[in-house]
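Asks: give me the fold of what follows.
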Amino acid sequence: MPLNRYLTRYAEVEAGLTQSLEGCWHYAVVIPAYNETPGFLQALPAGDCLYIVIANRPETDPATDWLNEILDHLEPPRWRNKHLSLHQRPENASHPDILLVDRCAAGAPLPSKQGVGLARKIGCDIACQLIASKQVTNPWLGTTDADTHLPENYGEALQKLPEQAGACVFPFSHIPGDAPEWAVRCYELHMLHYVAGLRYAQSPYAWPTVGSCIALNSRAYAQAHGFPKRAGGEDFYLLNKLAKLGGVIHASKPLVRPSGRLSQRVPFGTGPALQRYASLQSAGDVTSYHPDSFRLLRAVLKALRLSAFGRSFAMTDIARQSCADPDQLYSLWQRFHCDQAVDKARRNSRSAEQCERHLMTWFDAFKTLKWVHACREYQPDTPLFEALENADWITDSGIDLRHPENAAIALQRQLANNQRHSL
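Replies: Numbering: from 1, shown residues only. Coordinates of the predicted model:
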């Protein structure tokens, strides 16, 4: 069984420490917490859930006082094994249990270069161990952050996800914090503009990457060997793998509310991006990808798929069909060594369908991002709202760019069609 094999070979040591843990839960949610206040515990939705909280700090930060405050808000542990302890929140006995993993004081701090990726992996490995032992009944596990507000029906949505998919991304709307609200909404629109462009290009990697809004199928998670141990981008790289294993659902509900606070806790992501946006004068100064980048992406993906099926085509015709520049398309095709990739895929495929899967696996989420960035040589970034207005594949009549918050929600509604984007 892939799950047991993963737990034996690749799981973090904390997963094995739960073997003496007693109890059963319908589902589990993993929450890394670094330098947080106890308030997030009170905001967690009720339900037959085990919240696995990984209290962590990097080895460069000696402060542990914040963890003591969290412990003061928890009942004495019902179970303990080394730096793991099971707690019940004091205010209501019907509220979910908290499994606290102390990688802050009792346990070793996290290596700085592994950061949140290792924290998420520890929590998800524990959840997988409890799924394997049938103490958690739902094979889907939620991943979020301590500063994220989960809706009350989050657990219900988690338990209704289809067994065959590899991952799910829930819709999101950031709660404005230190950053101006216009900066938060422009950040969301920039992310969704990218996803909408990928969807138009018929990429199998068209989903937003927000670590606090992802659910994982434990089977696919084990096949992907868990979260990569990275200080940032761990969600992007894991979803990239899961797209190749079972596909990624972009759900239409429920709405998850991450925090829009400014932060430098990770090298890139929401916090640092909002810092950059907040340093601008207004929303009019925000730029994003030129729509022609996605026209070029659509053209190259169509050319790759035609190549997989052995169909002849002229690069100029492919470009014209996608309203892309043929010279730019040919130049990028050469730069990305697409001919060599096609030859290799053909040699290693027994059918055209298998060749197409090989090519779409090769042209993955990371290569897609590199392609869109390479397009900047021909099509520099343009003002965000101008880019959205010129992206004629954004069709939802409810997208009113005069109201960025409504526009972001409407754009997610267009993107979230409950279909799995698989290879």
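Asks: can you list the domains in the chain?
Replies: Following automatic domain parsing, the chain resolves into domains at 2-172+208-246, 287-418.
Asks: turn those domains into JSON lines, columns for mean pLDDT and distance to residue 279.
Replies: Where C-beta positions appear, they are placed from N, C-alpha and C, glycine not excepted. Below are the domains of the chain laid out as JSON lines (pLDDT from 0 to 100; distance: least, Cβ to Cβ, whole Å):
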{"stretch": "domain 2-172+208-246", "mean pLDDT": "93", "distance to residue 279": "20"}
{"stretch": "domain 287-418", "mean pLDDT": "90", "distance to residue 279": "13"}
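Asks: and those: which comes nearest residue 183?
Replies: Taking Cβ to Cβ, domain 287-418 is the member of the domains of the chain nearest to residue 183, at 9.9 Å.
Asks: of all the domains of the chain, which one is nearest residue 252?
Replies: With Cβ to Cβ, the closest approach to residue 252 among those belongs to domain 287-418: 4.0 Å.
Asks: which parts of the stretch 301-423 of the chain are strands?
Replies: All strands of the stretch 301-423 of the chain, identified by DSSP state E, counting those that start in this stretch, fall at 382-383, 420-421.
Asks: could I get the average pLDDT for the last one?
Replies: Predicted confidence along strand 420-421 averages 44 (mean pLDDT).
Asks: where's residue 3, which helix or strand?
Replies: helix 2-9 (DSSP states H and E).
Asks: now the element after that helix, going C-ward?
Replies: helix 13-16.
Asks: buried stuff in that next one?
Replies: Residues of helix 13-16 classed as buried under the neighbour-count rule (16 or more other Cβ atoms under 10 Å) are 14, 15.
Asks: stretch 101-110 too?
Replies: Per 16+ other Cβ under 10 Å, stretch 101-110 contains these buried residues: 101, 102, 103, 104, 106, 107, 109, 110.
Asks: and stretch 81-90, by the same measure?
Replies: Buried, per 16+ other Cβ under 10 Å, within stretch 81-90: 83, 84, 85, 86, 87, 88, 89.
Asks: which ones among the residues you listed map onto strands?
Replies: Of the buried residues of stretch 81-90, the ones assigned to strands by DSSP state E are 84, 85, 86, 87, 88.
Asks: farthest pair in the buried residues of stretch 101-110?
Replies: Every pair of these checked by Cβ to Cβ; the farthest is 106 and 110, at 13.6 Å.
Asks: what mean pLDDT does stretch 251-268 get?
Replies: On average, stretch 251-268 scores 73.
Asks: show me where the stretch 151-300 of the chain has its strands.
Replies: 167-169, 175-176, 214-217, 248-250, 259-260, 287-288.
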